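Generate coordinates for the sequence data below:
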Amino acid sequence: MTVPPDSDRSAVGDRQVIHDVNTVGWHVVQVTPQGAHHGWAFSIGLFHTFRHPEVVVFGLPDDVMATLIQTIGHAIRSGGSFQDGQENLDLMRPYRCVFRAVDPVWSAPVLAHATWFYGGQEFPALQLFWPDREHRFPWEEVFDPELVSFQPVLFHREPQRAGTLRWVRSP
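Okay, here's the model as predicted:
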C-alpha cells in the first residue's frame, strides 16, 4: 500500500492501521471536530477481514463513537452483521439506532483513510444514525433542528440533501 503524497496521514499511522486490521480485524479512525463539522469516527478493515461494510458514525463524543465502532466490530467478529435499513435497540439503549448505506460518492471525502487502505477500490459502508430525544432521525421533517448539523445524511448523493455543503468538498 502506498501513501499518497498529499496525505495528512503519517507513515506510522498507516502502519498502525495495517497492524490493527491484521491483528484485530479493523481499525477505528477519529476525525476531530473542526469548523462546521462536529467530528466523526469510522472503521477500516471490516470489509477486508469480514466482507462486512465499514461503519461510520457522526456527531457524538469521541469516546462514544470509538466504543460504538469497537462494539460493532466485536459483534461482526462473533458472527453478527448489520445491514442497510436495520434498526438496532442494543447499541445505544434506551434509544434505537439505524444503519443506512453510504452512497459511494462520499467514500473519498469522508472516509479518505479507508479509501487509501482499499487502494481506491470501491467498498461498502454503513452510517450509524442516532435519534434525537424524541426518537426521530435526521431525514424526518420533525427531527430536532439543533441537531441537524451533527449528522450528515450520506445515503443522499447530492451535497445539499446530504447536509455536507458547509464542510466537505463536493464529490
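
what pLDDT, on average, does the longest helix anywhere in the chain get?
Longest helix in the chain, counting residues (DSSP state H): helix 62-77. Per-residue pLDDT values across helix 62-77 average out to 97.

buried ones in it?
Residues of helix 62-77 classed as buried: Met65, Ala66, Leu68, Ile69, Ile72, Gly73, Ala75, Ile76 (neighbour count, 16 or more other CB atoms under 10 Å). For the C-beta atoms, the positions are set from N, CA and C on the backbone; glycine is no exception.

any idea of the mean pLDDT for stretch 132-147?
Mean pLDDT, stretch 132-147: 93.

Same check on stretch 103-114?
For stretch 103-114, the per-residue pLDDT averages 94.

That one: end-to-end distance?
End-to-end distance for stretch 103-114, by CA to CA, to the nearest Å: 14 Å.

which of the residues in it are buried?
Asp103, Val105, Trp106, Ser107, Pro109, Val110, Leu111, Ala112, His113, Ala114.

picking that back up, what's the closest of the buried residues of helix 62-77 to Leu128?
Leu68 (6.5 Å; CB to CB).

Next, count neighbours for the nearest residue to the closest one once chain neighbours are set aside.
Residue nearest to Leu68 in three dimensions, not counting chain neighbours: Val57, with 5.6 Å by CB to CB, 6 or more residues apart in numbering. Val57: 26 surrounding residues under other CB atoms under 10 Å.
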